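>>> missing the sequence, but the structure's below:
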């Protein structure tokens, strides 16, 4: 038996990506539909021969089926039970992990219920103070959607590759070929124009013109043109994927996200980009120069390299603003990024704001002992005009320490030095590190024990 492999989530994702019914896959590999259902929900172990048969059916290596959903699910549950609403529940971390392991479907249902509870405005007052902005259910559902698909969509990749080949036949200059393709196929003329403040792109249907703001950086303008093309040329693929999302705002937001995925796949085609990542050792700035893309666009594209037989490093990515609000999150590395609140202040995605436009490198260790290699860079966005307001963000990108040597940013760093790792956590309410002097809140399952004669550096470090 493959005793320690919880691969049900990955098998289910592959099956859905191929648009296969459970009964069809079960018949193809010689088991019952009910047994496959149990496997996909991690309620049955899988034998090695069956594992090899499933891997062969999908054309992937058996090792590529290893799934990290259980750890992420347990982390989300711990964050949920750290809320004050569960203060008297007395649920232990061991019980949370048991729930994620033994009944992941019920665990995910609990998370969705809690999401709706928060979206309905019933969150504790402390949560409002921490997050600032009102929680929106659709944005988190999109994050889950990307995670469930490992941020890789083969049908959109195929559409982008087909169209990129046509564009390259038109011109060696990608931007010129892109504009010509839009005009030849859809009759759309692309023009740079002075648009109202806050508008980056608009489609004038009456004149069949795509107007792009003339004060955008060149890579942003090209990406927006590719995004429009994605809505037109890959609309059917995008629509089929968006059908998986629940009603409400999620499908509309999902279609926009998938069009952006198409744009990235068009600007940075999978094969050449994957080879360049390997050859340049994930040098983001060099890759940006090679493909005419921004730092953020390259980072996002790196996280999509999950094609069977041509895998990239399993990465995590988080984007935060200067107030600590996490607006984008995705993790294949195993690191847990908070679902609803800010991350650990010791994480370099925050300290990067102290040295903007510079790559900050960090070796980090989570409370469970897992170690990660992380880079972060702060940057600004805004119009290219005098006195334009700027928006400040930080991108955090990283991997397990096991893959660190594959990234150029690890050169000259002693990856084996245990003293070089910064102890970080997920969030103060669920972090067990009692010695941390940067706590913003006490752990959910601890109470104060203060001595009036002694004033500690951090009140929350002295707990029962």
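Yep, it's here. Since the structure is predicted, the reported quantities are computational estimates derived from the model, not experimental observations.

>>> if I look at residue 196, how far off is residue 224?
The spacing between residue 196 and residue 224, counted by CB to CB, to the nearest Å, is 15 Å. Heads up, the C-betas are built off the backbone N, CA and C, glycines and all.

>>> okay, the two: which has more neighbours?
Neighbour tally, residue 196 and residue 224, criterion other CB atoms under 10 Å: the higher count belongs to residue 224, 19 against 7.

>>> just give the nearest non-adjacent residue to that one, would you?
In space, and not counting its chain neighbours, residue 224 is closest to residue 201: 4.5 Å by CB to CB, 6 or more residues apart in numbering.

>>> need the three-state assignment for residue 363.
For residue 363, the assignment made with DSSP: H, G, I helix; E, B strand; the rest coil gives strand.

>>> sorry, back to before: quick check: phi and psi at the residue nearest to residue 224.
Main-chain dihedrals, residue 201, degrees, to the nearest 10: phi -160, psi 140.

>>> same thing with residue 192?
phi -80, psi 140.

>>> confirm for me that it is in contact with residue 215.
No: using CB atoms under 8 Å, residue 192 is not in contact with residue 215, being 9.1 Å away.

>>> when these two are compared, which one has more neighbours?
Taking other CB under 10 Å, residue 192 and residue 215 do not tie; residue 215 has more neighbours (16 against 12).

>>> ok, now how distant is that one from residue 197?
Taken as CB to CB, the span from residue 215 to residue 197 is 10 Å.

>>> do you know how far the closest residue to residue 385 other than its chain neighbours is from residue 293?
Once flanking residues are discounted, residue 385 sits nearest to residue 215: 5.3 Å by CB to CB, 6+ apart. Counting by CB to CB, the gap between residue 215 and residue 293 amounts to 19 Å.

>>> could you chop the chain up by domain?
8-65, 69-135, 154-300, 313-423, 434-464 (automatic domain parsing).

>>> and of these, who's closest to residue 143?
domain 313-423 (5.7 Å; CB to CB).

>>> under the pLDDT cut-off, which ranges of the chain? List them.
Applying pLDDT under 70 to the chain flags residues 1-6, 42, 61-71, 87, 119-136, 340-342, 383-384, 444-452, 454-464.

>>> need the domains of the chain in CSV (columns: distance to residue 142).
Shown next, in CSV, are these (distance: least, CB to CB, whole Å):
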stretch, distance to residue 142
domain 8-65, 16
domain 69-135, 12
domain 154-300, 6
domain 313-423, 10
domain 434-464, 27
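
>>> to residue 141, which of those domains lies closest?
Closest among the domains of the chain, using CB to CB: domain 154-300, at 4.7 Å.

>>> what are the ranges of the strands in the stretch 351-464 of the chain?
Under the criterion DSSP state E, counting those that start in this stretch, the stretch 351-464 of the chain contains strands at 360-365, 371-381, 391-400, 422-423.

>>> ok, back up a step: assign the residue nearest to residue 385 to helix, strand or coil.
When classified by three-state DSSP, residue 215 comes out as coil.

>>> hang on, the residue nearest to residue 224 packs against residue 214?
No: using CB under 8 Å as the test, residue 201 is too far from residue 214 to be in contact (11.3 Å).

>>> give me the common contacts of the two.
Common contacts of residue 201 and residue 214, defined by CB atoms under 8 Å, 6 or more residues apart in numbering, comprise residue 195.

>>> who has more neighbours, the two?
The residue with more neighbours, out of residue 201 and residue 214, is residue 201; 19 against 13, by other CB under 10 Å.

>>> next up, the contacts around that one.
Neighbours of residue 201 in contact, by CB under 8 Å, 6+ apart: 195, 210, 211, 212, 213, 224, 225, 227, 228.

>>> now render these as JSON lines, adding secondary structure and distance to residue 156.
What follows is the contacts of residue 201, written out as JSON lines (DSSP: H, G, I helix; E, B strand; the rest coil; distance: CB to CB, whole Å):
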{"residue": "195", "secondary structure": "coil", "distance to residue 156": "28"}
{"residue": "210", "secondary structure": "strand", "distance to residue 156": "21"}
{"residue": "211", "secondary structure": "strand", "distance to residue 156": "25"}
{"residue": "212", "secondary structure": "strand", "distance to residue 156": "22"}
{"residue": "213", "secondary structure": "strand", "distance to residue 156": "26"}
{"residue": "224", "secondary structure": "helix", "distance to residue 156": "17"}
{"residue": "225", "secondary structure": "helix", "distance to residue 156": "17"}
{"residue": "227", "secondary structure": "helix", "distance to residue 156": "12"}
{"residue": "228", "secondary structure": "helix", "distance to residue 156": "15"}
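
>>> would JSON lines of those with distance to residue 338 be doable?
JSON lines is the format used below for these (distance: CB to CB, whole Å):
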{"residue": "195", "distance to residue 338": "36"}
{"residue": "210", "distance to residue 338": "38"}
{"residue": "211", "distance to residue 338": "39"}
{"residue": "212", "distance to residue 338": "35"}
{"residue": "213", "distance to residue 338": "34"}
{"residue": "224", "distance to residue 338": "30"}
{"residue": "225", "distance to residue 338": "35"}
{"residue": "227", "distance to residue 338": "29"}
{"residue": "228", "distance to residue 338": "34"}
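
>>> need the max-distance pair from the residues you listed.
Maximum pairwise distance among those (CB to CB): 15.5 Å, between 195 and 227.
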